[in-house]
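*Asks:* Pasted the sequence and its predicted model underneath.
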Amino acid sequence: MDIAGALSFDHLKFLAAGFKVTLYIAFISIILSFIIGVVFGTLRYAKIPFLSKVVAVIVETIRNLPLLLIIFFTYFALPEVGLKLSPSTAAIAALTVFESAMLAEIVRSGLNSIDKGQKEAARSSGLTYIQTLWTVVMPQALRRMVPPIVSQFISLLKDTSLCVVIALPEFMHNAQIIYAQNINYIFPIFAVVVFMYFIVNYCLSLIARRLENRQA
Amino acid sequence: MLDFSILLNNLDTYLEGFKNTVLASIIALLGSFIIGVIVAVMRIAPIKPLNWIGSAYVEFIRNIPLLVIAFFFYYGLPAIGVTLPAFVAGTIALAIYTASFIAEAIRAGIQSVPKGQMEAARSSGLTYLQTMRTIILPQAIKIVIPPIGNQFINLVKNSAILGMIAGLDLMYFGDLVSSRTFVTFPVYIFVAMFYLVLTIPLSLGVGYLERRLARSN
């Protein structure tokens, strides 16, 4: 093991650059997938004829595929039908598509968990369907959804590591470049990789638990 | 639209990958279930140091990417002279990773049984183990089955990670077919179909179980 060599200043700088890419890709994907997830989840919940069924089929298909396959497909297969994306765009697109489907399911079951009486009471006191959804059901449901949504974000952050397959210069990719140079670098670099992922995700999971306990 | 000759001409390759994906999933499921039960027991046993070890396992593994674990077993271990075949390394990584989620599901299920049950059983003279076996676990198992089913679906999807270390699974053989046929789009559509053949029935099955168990309560 060569700890000093593995963790030289240049290497740490290179790893930090990779970690920045990881956080950036995760952040953009989280925002996009949250918006799309809420919209799709609500559409499924609302039981609009035809539209809700279409959304259900899309969400279920994507949810049941490996994310790695979606990333692969976005970057390597789409150019064949004329859609060429850069690694970072492909990464954001693939992560957003997959996580939106996962979030849509969380949103739908969150909405379903709200007592039906709430909806009926709101409707019979004269609120329109949209108003009921927006001012009565959604606020209550969102509060319940926060813990699973945060865990989904933790998954997303972990899943950015799959983007090594499309040579996105993120954390794991840069780590791989360093430890591939020298067998004595492998353990120290893995220790750094594990430590960094762990710290960020553990903090997120503490937040999730905090929110969960506040509700209870 | 889709060129089905690609599927037919490479059916053997696809099926070989499919077989290995199923195999890796089943082995990893068994492994993760065993580790998961052990860790869950450690977390709830009335012995503090065991609690700590169990919690440390769950918190540590849950918060690092599966890919890092798989790469560690495949690329990392050779640094100390242990070289594993990709399939083995990937399956071990899958089992270790999924075990943390299964342990958590089991623990949550056991702890969701009201405390009074344990106290009542203990005060009527049953030992801790007897209480667990005859009172707590039968009630907990109903709560635990759906989340474990969901973890199994995740496991099947996550097994695609084997493709990244040449683990001879569906993803890996998909890659092989695409380098043989020089096309990617249809090749991966077929790979996706093979995954859906596995995951959609599993999802439907878990959903069905979930509804039935919810009704029986």
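*Replies:* Everything's here; your move.
*Asks:* How many neighbouring residues does residue A:128 have?
*Replies:* Counted by other CB atoms under 10 Å in any protein chain shown, the residues lying close to residue A:128 total 10. In this view, the C-beta of every residue, glycine as well, is placed from N, C-alpha and C.
*Asks:* try the one 5 residues further on
*Replies:* For residue A:133, the tally of surrounding residues (other CB under 10 Å) stands at 18.
*Asks:* for the one 4 residues further on, same thing?
*Replies:* Other residues lying near residue A:137 total 21 when counted by other CB under 10 Å.
*Asks:* Establish whether the lowest-mean-pLDDT helix or strand in chain A and chain B are in contact.
*Replies:* The helix or strand of chain A with the poorest confidence is helix A:3-6; it has a mean of 84 (mean pLDDT, DSSP states H and E). No. Contact of helix A:3-6 with chain B (CB under 8 Å from any CB of the partner chain) is absent, the minimum separation being 11.0 Å.
*Asks:* just stretch A:112-130 next, same as before
*Replies:* No. No part of stretch A:112-130 sits near chain B under the criterion CB under 8 Å from any CB; the closest distance found is 11.9 Å.
*Asks:* Residues touching that stretch, excluding its own?
*Replies:* Contacts to stretch A:112-130, defined as CB atoms under 8 Å, 6 or more residues apart in numbering or on different chains, come from residues A:45, A:46, A:131, A:132, A:135, A:136, A:137, A:140, A:141, A:144.
*Asks:* How far does whichever helix or strand the third one is part of sit from its chain's centre?
*Replies:* It stands for residue A:131. Taking DSSP states H and E as the definition, residue A:131 sits inside helix A:129-131. Using CA atoms, centre = their mean, to the nearest Å, the distance from the centre of helix A:129-131 to the centre of the chain it belongs to is 29 Å.
*Asks:* Stretch A:186-195 now?
*Replies:* For stretch A:186-195, the separation from the chain centroid amounts to 24 Å (computed by CA atoms, centre = their mean).
*Asks:* Next: stretch B:201-212.
*Replies:* The answer for stretch B:201-212 is 17 Å, by CA atoms, centre = their mean.
*Asks:* what do you get for stretch B:127-137?
*Replies:* Worked out by CA atoms, centre = their mean, stretch B:127-137 lies 27 Å from the chain centre.
*Asks:* Among the contacts of stretch A:112-130, which lie within strands?
*Replies:* Judged by DSSP state E, the subset of the contacts of stretch A:112-130 located in strands is empty.
*Asks:* Enumerate the residues of chain A near chain B.
*Replies:* Residues of chain A that fall close to chain B, judged by CB under 8 Å from any CB: A:1, A:60-61, A:63-69, A:72-73, A:76-78, A:80-81, A:154, A:158-159, A:161-162, A:164-165, A:172, A:176, A:179, A:183-184, A:186-187, A:190, A:193-194, A:197-198, A:201-202, A:205.
*Asks:* Which of these are buried? Put it as a PyMOL command.
*Replies:* To isolate the buried subset of the residues of chain A next to chain B in PyMOL, counting by 16 or more other CB atoms under 10 Å in any protein chain shown, use the following:
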select buried, chain A and resi 60+63+64+65+66+67+68+69+72+73+76+77+78+154+158+159+161+162+164+165+172+179+186+187+190+193+194+197+198+201+202+205
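*Asks:* who in chain B is up against chain A?
*Replies:* Counting by CB under 8 Å from any CB, chain B sits next to chain A at B:59-60, B:62-68, B:71-72, B:75-76, B:78-80, B:153, B:157-161, B:163-164, B:171, B:178, B:183-185, B:187-189, B:191-192, B:195-196, B:199-200, B:203.
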